[in-house]
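J.: A predicted structure for the sequence below; I have some questions about it.
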Amino acid sequence: MLTPGPKNQITDIDGLLVGHAQDDALKSGTTVLTASTPFTASVAVQGGAPGTRETDLLAPDKTVAAVDALVLSGGSAFGLSAADGAVSALRAAGRGFEAAGHKVPIVPAAILFDLAAGGDQSWTENPYANLGRAAFKAASDEIALGSVGAGAGATTAAVKGGIGSASLLLPSGHMVAALVAANPVGSVCGPNGHFHAQSSEFKGEFGNLGPDPKNTSDDLPTTKLTPGTATTIGIVATDATLDKAALHRLAISAHDGIARAIIPAHTPFDGDLLFALSTGAKPLTDPVLDPMLLGHAAALCVSRAIARGIYEARPAKGDVLPVWQDKFG
């Protein structure tokens, strides 16, 4: 039996910390996940328009075995500078990969496009490095959800997007969790507000509406059809001991959660990407069964995190779309 962790968030995995920072005028922000010690990570990209930094290092054949933090950010290509702020903060803390007597923090990053969310984009100096530094410094085991951090300017086809999280405890004792910023081309719910992810819901965590009583499966999905204005990015995590190859497979499996929660998903205009990480705290109990169940749980957590992020979104001045609570709540 699968059950949510105590906080139903990615910080149910011991040692993980998450920080948000956002600029309300900019209507954008950054989220940083870190830990007290480096962790193993990989990545899977399924969308057609990704924006990334240092993801090549996460391939199984690359030298660096662990990273110091992961960054999710708004801001399109400008948001990749959020990793600069996190790297500077990590360096000041004495963290990083040892190379020729120097410590070099390793911080892969991914971005989503929120430049059309109604914020003031008249800045002349890139604000995202400061947001990345602030998010790193704010990291804790308590996470706000909704219109914060990388989800501050997120939108979907019909309502505001947001950042959400969810966790599951497996019978083996391993914990799996997800942290996802949902900003897709597609829709997260039907015309009556019922979340596509409803079959994954635990204990009314996003409204307990259940299936849509009207069968709309043959309708064309609602989308925002402007190229380059989307992307769902996130992190799946586990305390199970997995290497980079196994984490790559976990990230691939977790993408099923995006496809279940968003219609359409993985489009040419979305840069859909999921990092996968392991703290390595708990060895596998069954090397055949455990990886399969970890992938299944990761997909469930991703679906739930997406719906929770939209469910927890809150209105703000200048929004271009309503929040789910105002439209359907």
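T.: The structure has been received and is ready for your questions. Numbers count the residues shown, from 1 in each chain.
J.: show me the shaky parts of this structure.
T.: 215-222, 225-228 (pLDDT under 70).
J.: longest helix in it, please.
T.: Longest helix of the chain, by residue count under DSSP state H: helix 289-311.
J.: buried residues in that one, which are they?
T.: By 16 or more other CB atoms under 10 Å, the buried positions in helix 289-311 come out as 290-291, 293-311. Just so you know, the C-beta spots here come from the backbone N, C-alpha and C atoms, and that holds for glycine as well.
J.: in three-state terms, label the spatially closest residue to L72 that is not a sequence neighbour for me.
T.: Take L72 and drop its neighbours on the chain: the residue closest to it by CB to CB, 6 or more residues apart in numbering is A150, 4.0 Å away. The local conformation at A150, judged by DSSP: H, G, I helix; E, B strand; the rest coil, is helix.
J.: identify the residues contacting A150.
T.: A150 is in contact with H20, G29, T30, T31, L72, S73, G74, L112, I163, A181, I233, counting by CB atoms under 8 Å, 6 or more residues apart in numbering.
J.: surely the first one touches S28?
T.: No: using CB atoms under 8 Å, H20 is not in contact with S28; the gap is 11.6 Å.
J.: which positions in stretch 244-260 come out as buried?
T.: Buried, per 16+ other CB under 10 Å, within stretch 244-260: 244, 246-260.
J.: check which helix or strand R260 maps to.
T.: Per DSSP states H and E, R260 falls inside helix 244-261.
J.: any idea of the angle that helix forms with helix 289-311?
T.: With axes from the mean of the first three to the mean of the last three CA atoms, to 10 degrees defining the directions, helix 244-261 sits at 40 degrees from helix 289-311.
J.: helices or strands up against the very next helix or strand once past helix 244-261?
T.: Moving toward the C-terminus from helix 244-261, the next helix or strand (DSSP H and E) is strand 273-282. Counting contacts by 3 or more CB pairs under 8 Å, 6 or more residues apart in numbering; DSSP states H and E, strand 273-282 packs against strand 28-45, strand 67-73, strand 233-240, helix 244-261.
J.: direction included, what does the third one pair up with?
T.: It stands for strand 233-240. Strand pairing for strand 233-240, using DSSP bridges, gives strand 175-182 (antiparallel), strand 273-282 (parallel).
J.: okay, the closest residue to T37 other than its chain neighbours and F39: tell me how far apart.
T.: Excluding the flanking residues, the one nearest T37 by CB to CB, 6+ apart is G15, at 7.2 Å. Distance from G15 to F39, counting by CB to CB, to the nearest Å: 8 Å.
J.: quick check: G15 touching K282?
T.: No: the pair G15 / K282 is not scored as a contact, 11.8 Å apart, by CB under 8 Å.
J.: give me every residue that touches F195.
T.: Applying CB under 8 Å, 6+ apart to F195 gives the contacts V188, C189, E201, F206, G207, L209, A261, A307, I310, Y311.
J.: could you single out the nearest of those to I106?
T.: Nearest to I106, judged by CB to CB, of the contacts of F195 is A261 at 29.8 Å.
J.: list the buried residues in stretch 312-329.
T.: So for stretch 312-329, counting by 16+ other CB under 10 Å, buried means E312, A313, A316, D319, L321, V323, W324, Q325, F328.
J.: pull the most distant pair out of these.
T.: A316 and F328 (18.3 Å).
J.: and S199, how close does it get to A246?
T.: Where A246 is concerned, S199 sits at a distance of 27 Å (CB to CB).
J.: just A265 next, same as before
T.: For A265, the distance to A246 equals 24 Å [CB to CB].
J.: now swap in C189 and tell me
T.: 33 Å.
J.: same question, V148
T.: Using CB to CB, V148 is found at 31 Å from A246.
J.: likewise F113?
T.: Taking CB to CB, one finds F113 at 31 Å from A246.
J.: now L293. Nearest residue, chain neighbours left out?
T.: Leaving aside its sequence neighbours, L293 sits nearest to L170 (CB to CB, 6+ apart; 5.7 Å).
J.: contacting residues for the one you found?
T.: Listed by CB under 8 Å, 6+ apart, the contact set of L170 reads L2, V176, D290, L293, L294, A297.
J.: of those residues, which pair is most distant in space?
T.: Taking CB to CB as the measure, these span a maximum distance of 13.4 Å, between L2 and D290.
J.: distance check, the residue nearest to D120 when sequence neighbours are not counted against F136.
T.: In this structure, D120 finds its nearest non-sequential neighbour in A25, 4.8 Å apart by CB to CB, 6+ apart. Plainly put, A25 is 21 Å away from F136 if you go by CB to CB.
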